[in-house]
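In: Need a 3D model of the sequence below.
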Amino acid sequence: MSRKVLVVEDEESIRKFITINLDRSGYDVLEAPTGEEGLKIADEEDIDIVVLDVMLPGIDGFEVCRTLRSKYPHLGIVMLTAKSQDIDKIMGLEYGTDDYMTKPFNPTELVLRIKSLERRLESEGGPEDTMLEYPPFKIDVYSRLFFRNSEEIELTPTEFAIAKLFVENPGKAFKRDEILNHVWGVDFVGDSKIVDVNIRRLRSKIEEDSSQPFFIETVWGVGYRWRAKS
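Out: Okay, the predicted model is just below:
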(Lines give C-alpha, C1' and ligand atoms only; values in the text may rest on other atoms or scores of the structure.)
Protein backbone atom coordinates (compact mmCIF):
# COMPACT_ATOMS: atom_id res chain seq x y z
CA MET A 1 0.00 0.00 0.00
CA SER A 2 1.45 3.37 -1.06
CA ARG A 3 2.14 6.09 1.49
CA LYS A 4 -0.20 9.09 1.43
CA VAL A 5 1.65 12.41 1.14
CA LEU A 6 0.08 15.84 1.61
CA VAL A 7 1.80 18.74 -0.18
CA VAL A 8 1.00 22.13 1.38
CA GLU A 9 2.40 24.80 -0.96
CA ASP A 10 0.74 28.02 -2.14
CA GLU A 11 2.70 28.35 -5.41
CA GLU A 12 0.78 26.16 -7.84
CA SER A 13 3.71 25.54 -10.19
CA ILE A 14 5.91 24.28 -7.35
CA ARG A 15 3.07 22.26 -5.82
CA LYS A 16 2.34 20.54 -9.13
CA PHE A 17 6.05 19.96 -9.73
CA ILE A 18 6.35 18.20 -6.36
CA THR A 19 3.14 16.24 -6.90
CA ILE A 20 4.22 14.95 -10.31
CA ASN A 21 7.56 13.71 -8.98
CA LEU A 22 6.02 12.05 -5.93
CA ASP A 23 3.30 10.48 -8.05
CA ARG A 24 5.95 9.02 -10.36
CA SER A 25 7.65 7.54 -7.30
CA GLY A 26 4.51 5.68 -6.31
CA TYR A 27 3.07 7.96 -3.63
CA ASP A 28 -0.61 8.81 -3.21
CA VAL A 29 -0.48 12.63 -3.25
CA LEU A 30 -2.96 15.19 -1.95
CA GLU A 31 -2.55 18.96 -2.38
CA ALA A 32 -3.40 22.05 -0.37
CA PRO A 33 -2.65 25.70 -1.31
CA THR A 34 -3.05 27.03 2.25
CA GLY A 35 -2.26 25.95 5.77
CA GLU A 36 -5.92 26.01 6.72
CA GLU A 37 -6.83 23.64 3.89
CA GLY A 38 -3.85 21.44 4.71
CA LEU A 39 -5.02 21.05 8.31
CA LYS A 40 -8.53 20.23 7.11
CA ILE A 41 -7.23 17.50 4.79
CA ALA A 42 -5.01 16.10 7.55
CA ASP A 43 -8.08 15.79 9.78
CA GLU A 44 -10.08 14.05 7.07
CA GLU A 45 -7.48 11.78 5.48
CA ASP A 46 -5.06 9.19 6.85
CA ILE A 47 -1.89 11.11 5.96
CA ASP A 48 1.59 9.58 6.44
CA ILE A 49 3.90 12.44 5.39
CA VAL A 50 3.44 16.18 4.88
CA VAL A 51 5.62 18.34 2.62
CA LEU A 52 5.08 21.79 4.09
CA ASP A 53 6.12 25.22 2.80
CA VAL A 54 7.10 27.82 5.41
CA MET A 55 5.69 30.88 3.63
CA LEU A 56 1.95 30.35 3.29
CA PRO A 57 -0.96 32.80 3.09
CA GLY A 58 -2.93 32.92 6.32
CA ILE A 59 -1.36 30.72 8.98
CA ASP A 60 2.28 30.04 8.14
CA GLY A 61 4.07 26.72 7.87
CA PHE A 62 5.50 26.91 11.39
CA GLU A 63 2.04 27.17 12.92
CA VAL A 64 0.74 24.39 10.67
CA CYS A 65 3.70 22.23 11.71
CA ARG A 66 3.08 22.87 15.39
CA THR A 67 -0.62 22.05 15.05
CA LEU A 68 0.03 18.87 13.07
CA ARG A 69 2.70 17.69 15.49
CA SER A 70 0.49 18.22 18.53
CA LYS A 71 -2.40 16.32 16.95
CA TYR A 72 -0.46 13.65 15.03
CA PRO A 73 2.88 13.00 16.77
CA HIS A 74 3.80 10.09 14.50
CA LEU A 75 3.27 12.04 11.27
CA GLY A 76 6.33 12.62 9.07
CA ILE A 77 6.94 16.30 8.22
CA VAL A 78 9.38 17.77 5.68
CA MET A 79 9.52 21.57 5.66
CA LEU A 80 10.37 23.68 2.60
CA THR A 81 11.87 27.15 2.95
CA ALA A 82 12.89 29.72 0.36
CA LYS A 83 15.29 31.25 2.86
CA SER A 84 18.76 29.97 3.66
CA GLN A 85 19.18 31.43 7.17
CA ASP A 86 19.76 28.83 9.85
CA ILE A 87 17.09 30.41 12.05
CA ASP A 88 14.33 29.28 9.69
CA LYS A 89 15.62 25.71 9.61
CA ILE A 90 16.09 25.58 13.36
CA MET A 91 12.67 27.10 14.05
CA GLY A 92 11.07 24.50 11.84
CA LEU A 93 12.86 21.71 13.66
CA GLU A 94 11.90 23.12 17.05
CA TYR A 95 8.26 23.09 16.01
CA GLY A 96 8.63 19.39 15.28
CA THR A 97 9.54 18.95 11.63
CA ASP A 98 11.60 15.84 10.80
CA ASP A 99 13.57 17.29 7.91
CA TYR A 100 13.86 20.42 5.80
CA MET A 101 14.89 21.46 2.30
CA THR A 102 15.84 24.91 1.01
CA LYS A 103 14.38 26.10 -2.28
CA PRO A 104 15.31 25.67 -5.04
CA PHE A 105 15.81 21.94 -4.60
CA ASN A 106 16.36 18.88 -6.75
CA PRO A 107 13.13 16.83 -6.91
CA THR A 108 15.16 13.62 -6.77
CA GLU A 109 16.65 14.74 -3.47
CA LEU A 110 13.18 15.50 -2.09
CA VAL A 111 12.04 11.99 -3.02
CA LEU A 112 15.13 10.53 -1.32
CA ARG A 113 14.42 12.55 1.81
CA ILE A 114 10.83 11.30 1.85
CA LYS A 115 11.95 7.70 1.34
CA SER A 116 14.36 8.12 4.26
CA LEU A 117 11.55 9.46 6.42
CA GLU A 118 9.31 6.64 5.21
CA ARG A 119 11.83 4.11 6.55
CA ARG A 120 11.63 5.81 9.94
CA LEU A 121 7.84 5.49 9.85
CA GLU A 122 7.93 1.76 9.17
CA SER A 123 7.74 -0.69 12.03
CA GLU A 124 10.76 -2.92 12.42
CA GLY A 125 10.95 -6.42 13.80
CA GLY A 126 7.98 -8.55 14.77
CA PRO A 127 5.93 -9.43 17.82
CA GLU A 128 8.56 -11.94 18.93
CA ASP A 129 11.34 -9.33 19.24
CA THR A 130 9.35 -6.21 19.85
CA MET A 131 10.75 -4.84 23.12
CA LEU A 132 13.93 -2.95 23.93
CA GLU A 133 14.44 -2.19 27.63
CA TYR A 134 16.76 0.18 29.44
CA PRO A 135 15.14 1.04 32.77
CA PRO A 136 13.24 3.23 33.25
CA PHE A 137 12.67 3.19 29.48
CA LYS A 138 11.01 0.62 27.29
CA ILE A 139 10.68 0.76 23.49
CA ASP A 140 7.99 -1.20 21.71
CA VAL A 141 9.58 -1.42 18.26
CA TYR A 142 6.66 -3.24 16.66
CA SER A 143 4.10 -0.64 17.75
CA ARG A 144 6.59 2.27 17.66
CA LEU A 145 5.88 3.34 21.25
CA PHE A 146 8.31 4.77 23.80
CA PHE A 147 7.65 4.48 27.53
CA ARG A 148 9.20 5.83 30.72
CA ASN A 149 8.00 4.00 33.85
CA SER A 150 5.05 2.63 31.84
CA GLU A 151 4.01 6.15 30.78
CA GLU A 152 4.05 6.73 27.02
CA ILE A 153 6.18 9.60 25.74
CA GLU A 154 5.17 10.80 22.29
CA LEU A 155 8.15 10.98 19.95
CA THR A 156 8.36 12.08 16.34
CA PRO A 157 9.53 9.42 13.83
CA THR A 158 13.02 10.95 13.87
CA GLU A 159 13.20 11.15 17.66
CA PHE A 160 12.05 7.54 17.90
CA ALA A 161 14.72 6.40 15.44
CA ILE A 162 17.44 8.21 17.40
CA ALA A 163 16.23 6.82 20.73
CA LYS A 164 16.13 3.30 19.29
CA LEU A 165 19.66 3.66 17.92
CA PHE A 166 20.94 4.80 21.31
CA VAL A 167 19.17 2.17 23.41
CA GLU A 168 20.42 -0.57 21.09
CA ASN A 169 24.00 0.70 21.55
CA PRO A 170 24.48 1.90 25.15
CA GLY A 171 27.93 3.34 25.80
CA LYS A 172 28.80 3.76 22.13
CA ALA A 173 29.91 7.25 21.10
CA PHE A 174 28.27 8.22 17.81
CA LYS A 175 29.62 10.94 15.58
CA ARG A 176 27.00 13.26 14.12
CA ASP A 177 27.67 11.83 10.66
CA GLU A 178 27.07 8.31 11.98
CA ILE A 179 23.72 9.37 13.43
CA LEU A 180 22.84 11.02 10.12
CA ASN A 181 23.70 7.83 8.23
CA HIS A 182 21.70 5.61 10.59
CA VAL A 183 18.63 7.82 10.90
CA TRP A 184 18.46 10.01 7.78
CA GLY A 185 20.38 7.71 5.40
CA VAL A 186 23.74 7.90 3.66
CA ASP A 187 22.26 10.06 0.89
CA PHE A 188 21.45 12.94 3.28
CA VAL A 189 23.22 16.12 2.17
CA GLY A 190 21.79 18.68 4.58
CA ASP A 191 23.21 20.43 7.61
CA SER A 192 24.43 18.19 10.46
CA LYS A 193 22.85 20.69 12.89
CA ILE A 194 19.67 18.73 12.31
CA VAL A 195 21.15 16.09 14.63
CA ASP A 196 21.81 18.58 17.44
CA VAL A 197 18.30 20.03 17.26
CA ASN A 198 16.66 16.61 17.36
CA ILE A 199 18.89 15.53 20.26
CA ARG A 200 17.91 18.68 22.15
CA ARG A 201 14.25 17.99 21.48
CA LEU A 202 14.60 14.34 22.53
CA ARG A 203 16.35 15.35 25.76
CA SER A 204 13.53 17.75 26.60
CA LYS A 205 11.10 14.84 26.45
CA ILE A 206 12.97 12.06 28.24
CA GLU A 207 15.42 13.69 30.66
CA GLU A 208 14.51 14.89 34.16
CA ASP A 209 16.59 18.01 33.49
CA SER A 210 17.44 18.55 29.83
CA SER A 211 20.05 21.16 30.74
CA GLN A 212 21.94 18.46 32.67
CA PRO A 213 21.15 15.29 30.70
CA PHE A 214 21.80 11.97 32.36
CA PHE A 215 20.97 9.48 29.60
CA ILE A 216 22.03 11.23 26.39
CA GLU A 217 25.59 12.33 27.02
CA THR A 218 27.52 14.82 24.92
CA VAL A 219 30.93 13.52 23.87
CA TRP A 220 32.84 16.74 23.25
CA GLY A 221 34.52 16.87 19.87
CA VAL A 222 32.73 13.69 18.78
CA GLY A 223 28.96 13.62 19.15
CA TYR A 224 26.66 11.79 21.54
CA ARG A 225 26.25 8.52 23.40
CA TRP A 226 23.62 6.80 25.51
CA ARG A 227 24.89 6.24 29.06
CA ALA A 228 26.17 2.69 29.52
CA LYS A 229 24.45 0.53 32.12
CA SER A 230 26.27 0.54 35.44
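In: Is Thr218 in a helix, a strand, or coil?
Out: Under DSSP: H, G, I helix; E, B strand; the rest coil, the three-state class of Thr218 is strand.
In: so how far is Asp196 from it?
Out: 10 Å (CB to CB, to the nearest Å). Bear in mind the C-beta positions are built from the backbone N, C-alpha and C, glycine included.
In: Show me which of those two is the more surrounded one.
Out: Asp196 (17 against 14; other CB atoms under 10 Å).
In: nearest residue to that one other than its sequence neighbours?
Out: With sequence-adjacent residues excluded and distances taken as CB to CB, 6 or more residues apart in numbering, Asp196 is closest to Arg176, at 7.4 Å.
In: Does that neighbour touch Asp191 like I think?
Out: No: Arg176 sits out of contact with Asp191 when judged by CB atoms under 8 Å, with a separation of 10.2 Å.
In: Report the contact partners of the closest residue to Asp98 other than its chain neighbours.
Out: Leaving aside its sequence neighbours, Asp98 sits nearest to Thr158 (CB to CB, 6+ apart; 4.5 Å). Counting by CB atoms under 8 Å, 6 or more residues apart in numbering, Thr158 touches Asp98, Asp99, Leu117, Arg120, Val183, Trp184, Asn198.
In: Which pLDDT value does the model give Thr158?
Out: The per-residue pLDDT reported for Thr158 equals 91.
In: Can you pull the phi/psi pair for Met16?
Out: Just so we're on the same page, residue 16 is Lys rather than Met. Here the main-chain torsion angles of Lys16 (degrees, to the nearest 10) amount to phi -70, psi -40.
In: So that it lines up with my notes, have the first residue be 115 from now on.
Out: All right, first residue 115 from here; so that's Lys130.
In: Lys217 versus that one, what's the distance?
Out: Taken as CB to CB, the span from Lys130 to Lys217 is 15 Å.
In: And for Val164?
Out: 17 Å.
In: Neighbour count: those two, which is higher?
Out: Val164 (29 against 15).
In: Could you verify that the more buried one is part of a strand?
Out: Yes: with three-state DSSP as the criterion, Val164 is part of a strand.
In: and it, what are its bridge partners?
Out: Beta-bridge partners for Val164, by DSSP bridges, are Leu120, Ile191.
In: which intervals of the protein have sub-threshold pLDDT?
Out: 115, 198-205, 237-243, 300-304, 344 (pLDDT under 70).
In: Repeat the analysis, applying 50 as the threshold.
Out: Filtered on pLDDT under 50, the chain yields the residue ranges 239-241.
In: Which parts of it are strands?
Out: 118-122, 142-146, 163-167, 190-195, 213-216, 245-248, 251-254, 259-262, 265-266, 287-289, 330-333, 337-340 (DSSP state E).
In: For those strands, please prepare JSON lines with the additional fields distance to Phe280.
Out: What follows is the strands of the chain, written out as JSON lines (distance: least, CB to CB, whole Å):
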{"stretch": "strand 118-122", "distance to Phe280": "29"}
{"stretch": "strand 142-146", "distance to Phe280": "33"}
{"stretch": "strand 163-167", "distance to Phe280": "24"}
{"stretch": "strand 190-195", "distance to Phe280": "20"}
{"stretch": "strand 213-216", "distance to Phe280": "19"}
{"stretch": "strand 245-248", "distance to Phe280": "9"}
{"stretch": "strand 251-254", "distance to Phe280": "10"}
{"stretch": "strand 259-262", "distance to Phe280": "11"}
{"stretch": "strand 265-266", "distance to Phe280": "18"}
{"stretch": "strand 287-289", "distance to Phe280": "8"}
{"stretch": "strand 330-333", "distance to Phe280": "7"}
{"stretch": "strand 337-340", "distance to Phe280": "4"}
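In: Alright, that wraps it up for me.
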